[in-house]
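Participant: how would this look folded up:
(chains A and B)
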Amino acid sequence: KAGVTQTPRYLIKTRGQQVTLSCSPISGHRSVSWYQQTPGQGLQFLFEYFSETQRNKGNFPGRFSGRQFSNSRSEMNVSTLELGDSALYLCASSVTGDLTDTQYFGPGTRLTVL
Amino acid sequence: AQSVAQPEDQVNVAEGNPLTVKCTYSVSGNPYLFWYVQYPNRGLQFLLKYITGDNLVKGSYGFEAEFNKSQTSFHLKKPSALVSDSALYFCAVRDKAGGGADGLTFGKGTHLIIQP
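Facilitator: Have a look, this model is predicted:
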């Protein structure tokens, strides 16, 4: 089975721009979660989608948004980019998103904001 | 609220020796605990998890972890370290009482360095 794929792998943007990141989950997985990884804050939960609905959301400003499509693929969008948004953005998929369900991570998208 | 602490930023072990990477957690209800490993410029790879039952959990690549409820710990162990085990290790928790609202909460990570 193919793993979680994320595109693009690297992005360079300037302050004020917006960006869209894409995630394709493992086949058969219906839950997709997004995480931000930075050296200072570590790994932080952004949001989780299941069956095209946002089920949970972390403590991030409204500039961070996402969606999930009927084929379980997910996108996240960051508007009005700030320097502090530079990070590795990780997507994880699981079968149901239940608390005990294992989340499998993609390789991440490295976003650099200049 | 759920939280995880990994008290050591770095652990150094000689190849062939046993290794332990420490993790303690805090939850309101019952914990669901996970270990992941991250290699440079890569995503996280799942190693093992504790949900319920036997306190000793066996996982991938010869790793195991012991759940200790009284000490609120979930230390990762391996009997004999390999140089290829050198990586960044993350402990993570979900609180049954939280209903998943916070996703996975991760520790800050521990750099494991295995010296030949």
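Participant: Contact partners for the residue in chain B positioned nearest to chain A?
Facilitator: Of all residues in chain B, the one sitting closest to chain A is B:G103 (3.2 Å; C-beta to the nearest C-beta). Where C-beta positions appear, they are placed from N, C-alpha and C, glycine not excepted. Residues counted as contacts of B:G103 (C-beta atoms under 8 Å, 6 or more residues apart in numbering or on different chains) are A:S33, A:Y35, A:F45, A:L46, A:F47, A:E48, A:N56, A:G58, B:R94.
Participant: Of those, just say which sits nearest to B:S26.
Facilitator: For those, the minimum distance to B:S26 (C-beta to C-beta) is 12.5 Å, reached by B:R94.
Participant: Tell me how many other residues surround the closest one.
Facilitator: Number of residues near B:R94 (other C-beta atoms under 10 Å in any protein chain shown) recorded here: 29.
Participant: Name the SS class of it, please.
Facilitator: Under the three-state scheme (DSSP: H, G, I helix; E, B strand; the rest coil), B:R94 adopts strand.
Participant: give me the number of residues near residue 45?
Facilitator: No chain specified, so I'll use chain A. Burial measure for A:F45: 22 neighbouring residues, criterion other C-beta under 10 Å.
Participant: meant chain B actually
Facilitator: Applying the criterion other C-beta under 10 Å, we find 16 residues in the vicinity of B:Q45.
Participant: if we can go back for a sec, which of the helices or strands spans the residue of chain B closest to chain A?
Facilitator: Secondary structure assigned from DSSP states H and E places B:G103 in neither a helix nor a strand.
Participant: I'd like the distance between it and B:A97.
Facilitator: Distance, B:G103 to B:A97, by C-beta to C-beta, to the nearest Å: 15 Å.
Participant: Find the residue closest to the most centrally placed residue in chain A in space, skipping its chain neighbours.
Facilitator: Against the mean C-alpha coordinate of chain A, by C-alpha atoms, centre = their mean, the closest residue is A:W34 at 3.2 Å. Nearest in space to A:W34, with sequence neighbours left out and distances taken as C-beta to C-beta, 6 or more residues apart in numbering or on different chains, is A:L46 at 4.1 Å.
Participant: I figured that neighbour hits A:V32, correct?
Facilitator: No - at 10.7 Å, A:L46 and A:V32 do not qualify as touching, with contact defined as C-beta atoms under 8 Å.
Participant: Those two: which has the busier surroundings?
Facilitator: More crowded of A:L46 and A:V32, by other C-beta under 10 Å: A:V32, with 29 against 22.
Participant: Report the contact partners of the more buried one.
Facilitator: If you count contacts by C-beta under 8 Å, 6+ apart, A:V32 has them with A:C23, A:P25, A:E48, A:Y49, A:F50, A:Q68, A:S72, A:R73, A:S74, A:C91, A:A92, A:S93.
Participant: Which strand residues bridge the last one?
Facilitator: Just to be clear, that refers to A:S93. A:V32, A:Y104 (DSSP bridges).
Participant: show me what contacts it?
Facilitator: Residues near A:S93 by C-beta under 8 Å, 6+ apart: A:V4, A:C23, A:P25, A:I26, A:H29, A:S31, A:V32, A:S33, A:S72, A:Q103, A:Y104, A:G106.
Participant: Does the fourth one fall in a helix, a strand, or a coil region?
Facilitator: Under the three-state scheme (three-state DSSP), A:I26 adopts coil.
Participant: residues in contact with it?
Facilitator: For A:I26, counting by C-beta under 8 Å, 6+ apart, the contacting residues are A:K1, A:A2, A:G3, A:V4, A:S93, A:Y104.
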